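Student: Here you go, sequence then predicted model.
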Amino acid sequence: MGRNENVPAGKRPRVLFFVEGYTDIRFVAGLSEICDLTMVVPARQYAESGLKSRITECGCDVTVHEISGGRLGFQLRSMVYLWNHVSGFDVILAQEVLRGALNANIAGKLNGVPVVTYMGIAPVEYYRCRYQRGQVSRIKAAVGEFAIRSMMTINGRLCCCCLAMGPYLRDVAARYCERSQIGLYYGVDTDVFRPANVAERLELRRRLQLPADKFIVLFSSRISHEKDPETVLSAVLGARSKGLDATVLNIGGGYREFLSLAQKIAPAEAGDWALGLPAAHPMKDVADYFRAVDVLVQASLAEGAAYSTLEALACGVPVIATAVGGMAVQLDGYARLVPCQAVQALAEQILWVAAHPEEASIQAMAGRRYVARDWNRTKAFSELLCTLEVVTQKRGPR
């Protein structure tokens, strides 16, 4: 990865990317191509997510400032950093629309530096999943939702604009910020995420040490409160009970938790029906797993843009997804949609894809054309650069 030569070095906006949690190397790499990039990150998450080593490895042209401490410590220290350094930038790009964005907006407003927020999840809906799973009490859920809505409202009024991943999240963001527009995050590189023929798929399975003769269901998500691995596992078991020799594979963070859940759901199930592997490198290895499987299943209690479904479609791989959030909006006509937590319906769709590979492939290839047209990487960063330039111009000359 290198600088985008279409953007002269002297005219690149000086961007401070303010990260309050985790972010993806693909976004950082693309962002570094279109601007003079500095990042502020929480030190612990930066290291444990692997982003630190990946930035070093790929040689991204980015300056990184690590802020130590837990949630409160990061909040205080990052505000001090912003106050002392924000005037040296043309624009602040704030990850999400909560506490980190609040710091960025306050510092930006007081120092005359525009702030663009970038929303990748639906914060209220995601937080409600914690209550749904019994992770927080009713009182804590009410207090937490009030705090989230308050921060979204304040940030929506202070920021220059809010970019939100896809049309669904744009509509969510618009409730709090009138200047909301669609962002495509890092987009999908359809040269990397591309279909594999039968011979390629067999070779990929051999190299990745995946079973060659099984119907492989990929559940690529990390294990978190808004995802629904229980329904995926139960549905695969249901499909197996109908005679399909299916295996479910998880390559997300927390794969050990996924395997423990599989053992809990079906302790007596024999064979390698549930597999788990560490999260693959998103710029090197992850596409090969998508290209090697028979179907991607994404089951969630709440969902934003669901990039894994778009990446699977780019590979010509059939997708089955829960009809919630961004998946219900973005995948209609391109994926097999099922109700939330509907184990039987999901199992039936898995069996349908296995029994109708040609029809499923036709639908998936229509999805690839859709992704190439509307979600491609070049479009994502071109539109992001345009937004950054517009807000920079509003500020005036450097």
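Tutor: Received the coordinates, thanks.

Student: Kindly export the helix or strand harbouring residue 53 (C-alpha atoms) in PDB.
Tutor: Assigned by DSSP states H and E, residue 53 belongs to helix 51-58. The C-alpha trace of helix 51-58 is given here as PDB (Å, rounded to 0.1, in the frame of the first residue of the first chain):
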ATOM      1  CA  LEU A  51      -3.300  -3.400  14.500                       C
ATOM      2  CA  LYS A  52       0.100  -2.200  15.800                       C
ATOM      3  CA  SER A  53       2.000  -5.100  14.200                       C
ATOM      4  CA  ARG A  54      -0.100  -4.900  11.000                       C
ATOM      5  CA  ILE A  55       0.700  -1.200  10.500                       C
ATOM      6  CA  THR A  56       4.400  -1.900  10.900                       C
ATOM      7  CA  GLU A  57       4.200  -4.800   8.500                       C
ATOM      8  CA  CYS A  58       2.300  -3.100   5.700                       C
END
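
Student: helices or strands up against it?
Tutor: helix 25-34, strand 62-67 (3 or more C-beta pairs under 8 Å, 6 or more residues apart in numbering; DSSP states H and E). For glycine as for every other residue, the C-beta is placed from the backbone atoms N, C-alpha and C.

Student: Residue 121 is in contact with residue 307, isn't it?
Tutor: No - contact criterion C-beta atoms under 8 Å: residue 121 and residue 307 do not qualify, at 11.7 Å.

Student: how about the strands of this protein, start to end?
Tutor: With DSSP state E, the ranges of strands along the chain come out as 14-18, 36-42, 62-67, 91-95, 115-119, 161-165, 180-183, 215-219, 246-250, 274-276, 295-298, 319-322, 336-338.

Student: Let's have those strands in CSV, adding mean pLDDT, distance to residue 256 and mean neighbour count.
Tutor: Shown next, in CSV, are the strands of the chain (pLDDT from 0 to 100; distance: least, C-beta to C-beta, whole Å; neighbours: other C-beta atoms under 10 Å):
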stretch, mean pLDDT, distance to residue 256, mean neighbour count
strand 14-18, 97, 31, 25
strand 36-42, 95, 24, 23
strand 62-67, 95, 27, 16
strand 91-95, 96, 27, 26
strand 115-119, 96, 30, 28
strand 161-165, 96, 28, 26
strand 180-183, 96, 33, 20
strand 215-219, 97, 14, 24
strand 246-250, 97, 10, 25
strand 274-276, 94, 7, 21
strand 295-298, 98, 20, 26
strand 319-322, 98, 24, 28
strand 336-338, 98, 27, 21
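
Student: Including distance to residue 355, could those strands go into CSV?
Tutor: As requested, those are exported to CSV (distance: least, C-beta to C-beta, whole Å):
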stretch, distance to residue 355
strand 14-18, 47
strand 36-42, 47
strand 62-67, 48
strand 91-95, 43
strand 115-119, 39
strand 161-165, 34
strand 180-183, 36
strand 215-219, 10
strand 246-250, 12
strand 274-276, 22
strand 295-298, 12
strand 319-322, 13
strand 336-338, 12
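
Student: Show me the one of the ones you listed that comes nearest residue 373.
Tutor: With distances scored as C-beta to C-beta, the stretch of the strands of the chain nearest to residue 373 is strand 180-183 (14.0 Å).

Student: Within the sheet, what are the partner strands of the closest one, with directions?
Tutor: Strand 180-183 pairs in its sheet with strand 161-165 (parallel), by DSSP bridges.

Student: Adding distance to residue 284, write the helices and strands packed on helix 51-58 out as a markdown table.
Tutor: As requested, the helices and strands packed on helix 51-58 are exported to a markdown table (distance: least, C-beta to C-beta, whole Å):
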| stretch | distance to residue 284 |
| --- | --- |
| helix 25-34 | 10 |
| strand 62-67 | 19 |
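
Student: Setting aside sequence neighbours, what's the nearest residue to residue 64?
Tutor: Closest residue to residue 64 apart from its sequence neighbours, by C-beta to C-beta, 6 or more residues apart in numbering: residue 39 at 4.8 Å.

Student: thinking that neighbour is in contact with residue 60, fair?
Tutor: No - contact criterion C-beta under 8 Å: residue 39 and residue 60 do not qualify, at 9.5 Å.
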